[in-house]
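**Student:** Quick one, fold the following:
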Amino acid sequence: MTDAAGAHMRTELNSQPETWARAADMRTEQGLLPASNSRIAVVGCGTSWFMAQAYAALRESTGHGETDAFTASEFPLDRHYDAIVALTRSGTTTEVLELTEQVKGRIPVVGVIGDDTSPLVDLADTVIALPFADEQSVVQTRFATTALALFRASLGEDLTAAIADAQAVLGSSDDAGLGEAEQYTFLGLGWTVGLAHEAALKMRESSQSWTESYSAMEYRHGPIAIAAPGRITWQFGTAPEGLQAQVEATGATFVQHPIDPMADLVRLHRVALDRAVAKGLDPDQPRNLTRSVILAD
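**Tutor:** Predicted structure coming up:
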């Protein structure tokens, strides 16, 4: 590992096809996730919350059972679920640990974690550990997408095409214009809304850029007012009919790649990293951020 800015992030984002393939093969661990037809909640904070949103949308839309997603601090404690899936890279996030303690003995918690020595290991009823996807960079890339790969595979998805798309992205160069916009808006539909929120967060965290994110169908209900020349509207997955033309009529650039949306997030990871480095920033140690949010008592 070199001392170059973002060196950890670059190594970690480039490893994603490998870690996705490994997660897709973890059949025993996938079987530890809540069974189909159970009513569950998926919780996390920050990036993990956005991955929770994607998993919840996928699980429910594919008929595996009612699934809600919450940031851990906003979990409705008076609501019943058959299980909670708690996603956290560090396993030390205060809100996740507090929630797990609050529901102990009442709602089973399945912890999906990167650090298998963390406090959540002893608190959760079941643990699925992904230490091979843990990261040194503060800005998350591979842990988030590897957890989502695990979730997608558990729902019966074949990730072969997604992995191939990610490999193709990493084996090619990006359009330089993707990293030079004044402002970015990220859009998604269904499960990719979570990816859009995560893309906006990644760009903000790593390069201190002006970003927004929305459901694509909501974008025309006001947020499109921000579109203008020199700005980018980036769609993850399929766009609503007519949206591209409407964005381009504003002079903004509409970006959409015909690949698996999770692989397109890998592209965004690299764009964010390169933009950060070009600005003299280090996304391994971004301003005002730490690897885990641990609140004082």
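
**Student:** From here on, just use CA atoms for contacts and neighbour counts.
**Tutor:** OK.

**Student:** residue at max distance from the center of this protein?
**Tutor:** Within the chain, residue 249 marks the point farthest from the mean C-alpha position, 30.2 Å out by CA atoms, centre = their mean.

**Student:** contacting residues for it?
**Tutor:** Contacts for residue 249 (CA atoms under 8 Å, 6 or more residues apart in numbering) come out as none.

**Student:** who touches residue 88 in this structure?
**Tutor:** Residue 88 neighbours (CA under 8 Å, 6+ apart): 44-45, 48, 96, 111-114.

**Student:** Equivalent analysis for residue 178, please.
**Tutor:** Residues near residue 178 by CA under 8 Å, 6+ apart: 232, 271.

**Student:** Next one: it from residue 267, what distance?
**Tutor:** As judged by CA to CA, to the nearest Å, residue 178 and residue 267 stand 10 Å apart.

**Student:** Likewise for residue 5?
**Tutor:** In this view, residue 5 and residue 267 are 18 Å apart by CA to CA.

**Student:** just residue 118 next, same as before
**Tutor:** Distance, residue 118 to residue 267, using CA to CA: 30 Å.

**Student:** More neighbours: these two, which one.
**Tutor:** residue 267 (24 against 15; other CA atoms under 10 Å).

**Student:** counting contacts, what elements does the helix or strand hosting the more buried one pack onto?
**Tutor:** Counting by DSSP states H and E, the element that carries residue 267 is helix 261-278. Under the contact criterion of 3 or more CA pairs under 8 Å, 6 or more residues apart in numbering; DSSP states H and E, helix 261-278 touches helix 7-14, helix 160-170, helix 192-207.

**Student:** Tell me which of those helices sits nearest to residue 182.
**Tutor:** Nearest to residue 182, of all those, is helix 192-207, at 11.9 Å by CA to CA.

**Student:** hmm, back to that, sort out for me which of the contacts of residue 88 are in strands.
**Tutor:** 44, 111-113 (DSSP state E).

**Student:** Of these, which is the nearest to residue 90?
**Tutor:** Closest to residue 90 out of the ones in strands among the contacts of residue 88 is residue 113 (6.6 Å), distances taken as CA to CA.

**Student:** I'd like to check which residues are in contact with the spatially most central residue of the chain.
**Tutor:** The structure's the chain has its C-alpha centroid closest to residue 51; by CA atoms, centre = their mean the separation is 4.2 Å. Listed by CA under 8 Å, 6+ apart, the contact partners of residue 51 are 144-145, 147-148, 194-195, 198.

**Student:** Over to residue 275?
**Tutor:** When contacts are taken as CA under 8 Å, 6+ apart, residue 275 is in contact with 179-180, 207.

**Student:** Now the buried members of the residues you listed.
**Tutor:** Among the contacts of residue 275, the ones that count as buried by 16 or more other CA atoms under 10 Å are 179, 207.

**Student:** Pull the contacting residues for residue 19.
**Tutor:** Going by CA under 8 Å, 6+ apart, residue 19 touches 132-133, 142, 146.

**Student:** nope, residue 189 is what I was after
**Tutor:** Neighbouring residues of residue 189 by CA under 8 Å, 6+ apart: 215-217, 236-239.

**Student:** Just the pLDDT for it.
**Tutor:** Listed pLDDT for residue 189 reads 98.

**Student:** picking up where we left off before, of the helices and strands packed on helix 261-278, which is nearest residue 71?
**Tutor:** Nearest to residue 71 among these is helix 192-207 (12.4 Å), distances taken as CA to CA.
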